[in-house]
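S.K.: What would the 3D arrangement of this be:
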Amino acid sequence: MPRIYIETYGCQMNVSDSELILGVLGRNGYTPTDDPSVADVILVNTCAVRDHAEQKVLSRMGELKRFKQPTAVLGVVGCMAQRLGPRLLERVPQVDLVVGPDGYRGLPELIARVRGGERAADVEFRRWEHYEDVPPVRNTPISAFVTVQRGCDYRCTFCIVPMTRGPERSRMLDDVVREVTDLAHSGTTEVTLLGQTVNSYDDGAHDFADLLRAVGAVAGLRRLRFTSPYPTDFSERVITAMAETAAVCEHVHLPVQSGSSRVLKRMLRRYDRARYLEVVASLRRAIPAIALTTDIIVGFPGETEADFQETLSLVDAVAFDDAYTFKYSPREGTPATRLKDAVPDDVAGERLERLVAAVRAVARRKNVALVGSTHEVLVEGRAKRGDFLQGRTRTNKVALIGGGPDAWIGQYRDVRLTGTTGSTFTAVPLGRGQELAVVG
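M.R.: Residues are numbered from 1 along each chain as shown. As a prediction, this is how the structure comes out:
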């Protein structure tokens, strides 16, 4: 049987898309392999949000060429493939195949064309494509990503996603519920709903509040997560549904990008600082125990030291549990590249260092306050290091359980946090005395 090797870079959506690709090719007799040297098809599923991610992929393609068998196909799929299209075939001679996120259904035919001597590309947007008939091949039965929305209609000046993912479209609610029901029947107890701006979900008859209630009511589902939402799409209906649906976890990843209203306006975000803080307050009133994480960009064109100080003060005011922090990365074709007042790289780098220090200080204060509290942990599998099992709390803290048996995998355990070193907790499972570390 032919073998498929996939490397995945970027967001959870790319992870979900790699599972779709395995499903598409699995129907044509392909089996997954972790060894590129024995693969008949080698695919790299790519991110295009920052230049660094693309450069990493280009470097990796040169490395993978060494593993490629004479008859094997080497392809680039995903957002970088969509952005560059056939230009990627010209730029990287070793690449045989370039396919965007809406073209995975055609992979078997495209691979056949490559084997016939062509170099093939498909980067057409297909507004109807949700891959409803393709069963994804997932790595674990415990937790699953379920894509409910594809594409984005927002036009943030720094963002390449509308150009790589196409226009926004949502799956039908009944189709999503059917997929989650099937997952629950097979033993999956935690699901994460995915979308570019997931809480703007609208299938024409139902909004995101309806979706949360419907999925949360699926028998056997204990935990429901979602990412990534857009701040101003948290309507009163959505927040109420979150608070009233027991399966919805007490964690929201709420991208802010900047704490300065002036910078947010230049980014073409649809909120200012005050509106973002209103959303935070509404979420915390409805769900007092909620954990909030975020994305923040420093060095956006025109950002002054005063603007950056507003970002630092926002970090302290919101008290984020964690943040993904980045220097602004110009992306070809986005409006922000036309702004003239670029921030010098060394200035942006120094601001990033200060931002990371501020985020860590706030997270440490919050984690110290958690010592002595109890949490439910879903044990997900073996950790990558040491003799630990890895689990996760409802507020998205990762847990490492020392010496636990494999029989705990897929189970829920109650633990008490007993100490912290900043981002890491020690804890004991209640009634068992086993020591455990929780990574914040």
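
S.K.: would you list every one of the strands in the stretch 201-350 of the chain?
M.R.: Secondary structure of the stretch 201-350 of the chain (DSSP state E, counting those that start in this stretch): strands at 223-227, 251-253, 291-298, 322-327.

S.K.: so where is the stretch 251-400 of the chain shaky, pLDDT-wise?
M.R.: Scanning the stretch 251-400 of the chain for pLDDT under 70 picks out nothing.

S.K.: before we move on, the earlier item: for the strands of the stretch 201-350 of the chain, could you give me JSON lines that also reports mean neighbour count?
M.R.: C-beta coordinates here come from the backbone N, C-alpha and C atoms, glycine included. Shown next, in JSON lines, are the strands of the stretch 201-350 of the chain (neighbours: other Cβ atoms under 10 Å):
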{"stretch": "strand 223-227", "mean neighbour count": "22"}
{"stretch": "strand 251-253", "mean neighbour count": "23"}
{"stretch": "strand 291-298", "mean neighbour count": "21"}
{"stretch": "strand 322-327", "mean neighbour count": "18"}
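
S.K.: Take those and write them to TSV, including distance to Arg394.
M.R.: Output for those, formatted as TSV (distance: least, Cβ to Cβ, whole Å):
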stretch	distance to Arg394
strand 223-227	7
strand 251-253	7
strand 291-298	9
strand 322-327	15
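
S.K.: Which of those strands sits closest to Gly62?
M.R.: strand 322-327 (25.2 Å; Cβ to Cβ).

S.K.: quick one, the closest one and strand 291-298 angle?
M.R.: 10 degrees (axes from the mean of the first three to the mean of the last three Cα atoms, to 10 degrees).

S.K.: which outside residues touch strand 322-327?
M.R.: Strand 322-327 is contacted by residues 50, 293-299, 315, 345, 348-349, 352, 355-356, 359, 363, 440 when judged by Cβ atoms under 8 Å, 6 or more residues apart in numbering.

S.K.: can you rerun that using 10 Å?
M.R.: 49-50, 52, 253, 255-257, 291-300, 311, 315, 343, 345, 347-349, 351-353, 355-356, 358-360, 362-363, 366, 396-397, 423, 440 (Cβ atoms under 10 Å, 6 or more residues apart in numbering).

S.K.: of these, buried ones?
M.R.: Among the contacts of strand 322-327, those buried by neighbour count (16 or more other Cβ atoms under 10 Å) are 49-50, 253, 255-257, 291-294, 296-300, 311, 315, 343, 347-348, 351-352, 355, 358-359, 362-363, 366, 396-397, 440.

S.K.: In three-state terms, label Glu7 for me.
M.R.: Judged by DSSP: H, G, I helix; E, B strand; the rest coil, the three-state class of Glu7 is strand.

S.K.: If you could redo that for Gly23, that was the one I meant.
M.R.: Here Gly23 takes the helix state, with states given by three-state DSSP.

S.K.: Which residues are in contact with it?
M.R.: Tyr104, Tyr131, Asp133, Val134, Pro135, Pro136, Val137, Arg138.

S.K.: Would you list the buried entries among those residues?
M.R.: Applying 16+ other Cβ under 10 Å to those flags Tyr104, Tyr131, Val134, Pro136, Val137, Arg138 as buried.

S.K.: With secondary structure and pLDDT added, can I get these in CSV?
M.R.: CSV is the format used below for the buried ones among the contacts of Gly23 (DSSP: H, G, I helix; E, B strand; the rest coil; pLDDT from 0 to 100):
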residue, secondary structure, pLDDT
Tyr104, helix, 97
Tyr131, coil, 95
Val134, coil, 93
Pro136, coil, 95
Val137, coil, 95
Arg138, coil, 93
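
S.K.: and which of these is nearest to Arg331?
M.R.: Tyr104 (23.1 Å).

S.K.: Walking through the stretch 51-200 of the chain, point out its strands one by one.
M.R.: 73-78, 97-99, 120-122, 143-147, 149-150, 169-170, 190-194.

S.K.: Identify whichever of those strands lies nearest to Arg178.
M.R.: Closest among the strands of the stretch 51-200 of the chain, using Cβ to Cβ: strand 143-147, at 10.6 Å.

S.K.: May I have the strands that pair with that closest one, each with its orientation?
M.R.: Listed by DSSP bridges, the sheet partners of strand 143-147 and their directions read strand 190-194 (parallel).

S.K.: Direction-wise, compare the strand it pairs with with strand 223-227 and give the angle.
M.R.: Going by the same axes, to 10 degrees, strand 190-194 makes 20 degrees with strand 223-227.

S.K.: tell me the average confidence for strand 190-194?
M.R.: For strand 190-194, mean pLDDT is 98.

S.K.: Narrow the buried ones among the contacts of strand 322-327 to those in helices?
M.R.: Residues of those located in helices (DSSP state H): Thr311, Val315, Val347, Ala348, Arg351, Leu352, Leu355, Ala358, Val359, Val362, Ala363, Lys366.

S.K.: quick one: the fourth one and Thr334, what's the gap?
M.R.: Ala348 sits at a distance of 17 Å from Thr334 (criterion: Cβ to Cβ, to the nearest Å).

S.K.: Could you do the fifth one as well?
M.R.: When Cβ to Cβ is the yardstick, Arg351 and Thr334 sit 21 Å from each other.

S.K.: again with the third one
M.R.: The gap separating Val347 from Thr334 is 21 Å, by Cβ to Cβ.

S.K.: before we move on, what about Lys366?
M.R.: For Lys366, the distance to Thr334 - Cβ to Cβ - is 34 Å.

S.K.: With Leu84 instead?
M.R.: Distance from Leu84 to Thr334, by Cβ to Cβ: 15 Å.

S.K.: before we move on, what about Cys11?
M.R.: From Cys11 to Thr334 the distance is 17 Å (Cβ to Cβ).

S.K.: Could you do Leu212 as well?
M.R.: From Leu212 to Thr334 the distance is 32 Å (Cβ to Cβ).
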